[in-house]
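**Student:** show me how the following folds:
(2 chains)
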Amino acid sequence: NAGVTQTPKFRVLKTGQSMTLLCAQDMNHEYMYWYRQDPGMGLRLIHYSVGEGTTAKGEVPDGYNVSRLKKQNFLLGLESAAPSQTSVYFCASSYGQGKAKNIQYFGAGTRLSVL
Amino acid sequence: AQSVAQPEDQVNVAEGNPLTVKCTYSVSGNPYLFWYVQYPNRGLQFLLKYITGDNLVKGSYGFEAEFNKSQTSFHLKKPSALVSDSALYFCAVRDDTGRRALTFGSGTRLQVQP
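**Tutor:** A predicted model of the protein is given here:
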């Protein structure tokens, strides 16, 4: 039971470098989300997708881009990393309809440090 | 805009004692409320939810939560705490728009002492 898989688990970047975080889910979920978790602030929504080929901004989208070319994958990109993007990033997914549509399933997270 | 408040950064309880982790919320429409738990170096795990129906919701691992509309609260409870319950607990409210994203509280660390 893979569920939601995030790669990589850890990464250290220098300011200005770029990288892509990959999220893959094997539950055939329609909805996918990227959150960031910072100490004392809970999780904040960066971007989300309600289906293959569609993406939209969340509360803190600046400095990030996303793509959902395949239903099972949701990519988060940092074009030019900044120290303020040091955080733990979580991907989540959920069904689009049915009784379970309200439950989000989370990956184990990616810990990113930007120096 | 919706919001969630968890007034306690940390809750300490002795094993075998009852525990309560507090949560209050603010939404413009009907609340969709959730509790998630996070163990060290892990993602969040769903514990329970309130959508409609009974005010007392039962969830995983013996946890339950009481929805109180007049006090806009959704406190997490367990009759008898275990050391293994020690973790970070998040209360969340789902937004009423098509995106169904969650707004999280800041989290409460539960420490259960043997």
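**Student:** show me which residues of chain B sit near chain A.
**Tutor:** Within chain B, the positions near chain A by Cβ under 8 Å from any Cβ of the partner chain are B:4, B:9, B:32, B:34, B:36, B:41-46, B:49, B:51, B:90, B:94, B:98-107. No exception for glycine: its C-beta is placed from N, CA and C like everyone else's.
**Student:** now, those that are in helices?
**Tutor:** In helices, judged by DSSP state H, none of the residues of chain B next to chain A are found.
**Student:** now a PyMOL select for only the buried ones of those residues.
**Tutor:** Those of those that count as buried under 16 or more other Cβ atoms under 10 Å in any protein chain shown are selected in PyMOL with:
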select buried, chain B and resi 4+32+34+36+43+44+46+49+90+94+99+100+101+102+103+104+105+106+107
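**Student:** what ranges do the strands span in chain A?
**Tutor:** Under the criterion DSSP state E, strands of chain A are mapped to A:4-7, A:10-13, A:19-25, A:31-37, A:43-51, A:54-57, A:64-67, A:73-78, A:87-94, A:105-106, A:110-114.
**Student:** possible to save these as a markdown table with mean pLDDT, distance to residue B:83 and mean neighbour count?
**Tutor:** Converted to a markdown table, the strands of chain A look like this (pLDDT from 0 to 100; distance: least, Cβ to Cβ, whole Å; neighbours: other Cβ atoms under 10 Å in any protein chain shown):
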| stretch | mean pLDDT | distance to residue B:83 | mean neighbour count |
| --- | --- | --- | --- |
| strand A:4-7 | 96 | 28 | 18 |
| strand A:10-13 | 96 | 28 | 14 |
| strand A:19-25 | 97 | 32 | 19 |
| strand A:31-37 | 95 | 24 | 25 |
| strand A:43-51 | 94 | 26 | 21 |
| strand A:54-57 | 94 | 42 | 14 |
| strand A:64-67 | 97 | 38 | 18 |
| strand A:73-78 | 97 | 36 | 20 |
| strand A:87-94 | 95 | 25 | 24 |
| strand A:105-106 | 94 | 24 | 20 |
| strand A:110-114 | 96 | 26 | 18 |
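**Student:** strands of chain B, residue ranges please.
**Tutor:** Using DSSP E, strands in chain B cover B:3-5, B:10-14, B:19-21, B:24-26, B:33-38, B:44-50, B:56-58, B:64-68, B:73-78, B:87-94, B:102-104, B:108-113.
**Student:** tell me which of the ones you listed lies nearest to residue A:35.
**Tutor:** strand B:102-104 (8.1 Å; Cβ to Cβ).
**Student:** so what touches the closest one?
**Tutor:** With Cβ atoms under 8 Å, 6 or more residues apart in numbering or on different chains as the test, strand B:102-104 has contacts from A:42-45, A:104, B:2-4, B:34, B:36, B:90-95.
**Student:** in its sheet, what does that strand sit against?
**Tutor:** strand B:87-94 (antiparallel) (DSSP bridges).
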